[in-house]
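1. sequence isn't available, so here's the structure alone:
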């Protein structure tokens with residue numbers, strides 16, 4: 001049986017400046033559906049069945065969305081209010097303290113605002129093969145600007161429009177063993193001390209995803225994802 005999936009849904013989406021703040025970031029729509037719906041469908045397409053939405057800002061709206069959506073007979077979507085200003089690690093810790101995560105072994109975690117054509121089965125296999133406490137998917141994002149190419153003489157020889165970064169960044173789509181919960185406190189920022197400590201201890205592996213990945217940090221990001229969906233070119237639509 002595949003692990004449960006926790007999705008961080010507490011954000012306000014303040015950088016989506018064209019929005020009026022009347023809905024949480026997880027409910028910003030792409031193609032007429034909240035982006036968190038898209039994230040759930042990515043996992044469901046790989047056979048995952050249980051989802052826990054870690055809510056915060058305007059949590060009641062996400063609870064209503066989860067209750068009113070027809071998930072079919074196979075999916076279970078639950079919500080746990082983890083507080084308005086709780087940091088990411090604290091949200092996971094609070095859900096863990098309620099027995100919502102890790103009770104049956106490993107669990108997955110991701111953000112409500114990132115989509116990808118990721119092979120989640122390969123992620124799970126990679127995590128197991130490394131025998132680590134945590135695995136983090138890493139991606140090489142497309143830079144938001146063009147890059148000038150220069151020769152040794154200081155002359156510009158050309159331009160590359162929005163190249164892919166040479167460095168790897170956190171792309172979300174985590175896989176955790178339950179002992180990761182002992183490394184989290186109510187004030188933990190997951191991406192800082194907890195993951196940094198696991199890395200120093202050699203207990204954090206990276207799963208490299210070379211395909212499509214896009215997070216929705218700005219209004220421009222949302223518009224791009226919406227355009228891809230409306231044109232039938234959404235790479236994350238694997239269902």
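-> Received, thanks. Since we're looking at a predicted model, the values are computed, not measured.

2. what comes up buried for stretch 55-68?
-> Applying a neighbour-count criterion of 16 or more other Cβ atoms under 10 Å, one finds 55-59, 61-63, 65-66 buried in stretch 55-68. (Each C-beta comes from the backbone N, C-alpha and C, glycine too.)

3. and the contacts of it?
-> Residues outside stretch 55-68 that contact it (Cβ atoms under 8 Å, 6 or more residues apart in numbering): 9-12, 23-27, 34, 36, 53, 77-86, 91.

4. out of the residues you listed, which end up buried?
-> Restricting those to buried positions leaves 9-12, 23-27, 34, 36, 53, 77, 79-83, 86, 91, with burial counted as 16+ other Cβ under 10 Å.

5. nearest residue to the spatially most central residue of the chain in space, please, no chain neighbours.
-> With distances taken as Cα atoms, centre = their mean, residue 111 lies nearest the centre of the chain, 2.7 Å away. Excluding its sequence neighbours, the residue lying closest to residue 111 (Cβ to Cβ, 6 or more residues apart in numbering) is residue 172, at 4.6 Å.

6. need the contact list for the one you found.
-> Contacts here follow Cβ under 8 Å, 6+ apart; on that basis residue 172 touches 109-111, 114, 137, 215.

7. for residue 116, see how far away it is.
-> Using Cβ to Cβ, to the nearest Å, one obtains 8 Å as the distance from residue 172 to residue 116.

8. so what sits against both of the two?
-> Contact with both residue 172 and residue 116 is made by residues residue 137, according to Cβ under 8 Å, 6+ apart.

9. now residue 9: how far from residue 156?
-> Going from residue 9 to residue 156 by Cβ to Cβ gives 45 Å.

10. I meant to write residue 21 there.
-> Distance, residue 21 to residue 156, using Cβ to Cβ: 43 Å.

11. picking that back up, you'd agree the residue nearest to the centre of the chain is up against residue 5?
-> No - when contacts are counted by Cβ atoms under 8 Å, residue 111 is not listed as touching residue 5 (11.6 Å).
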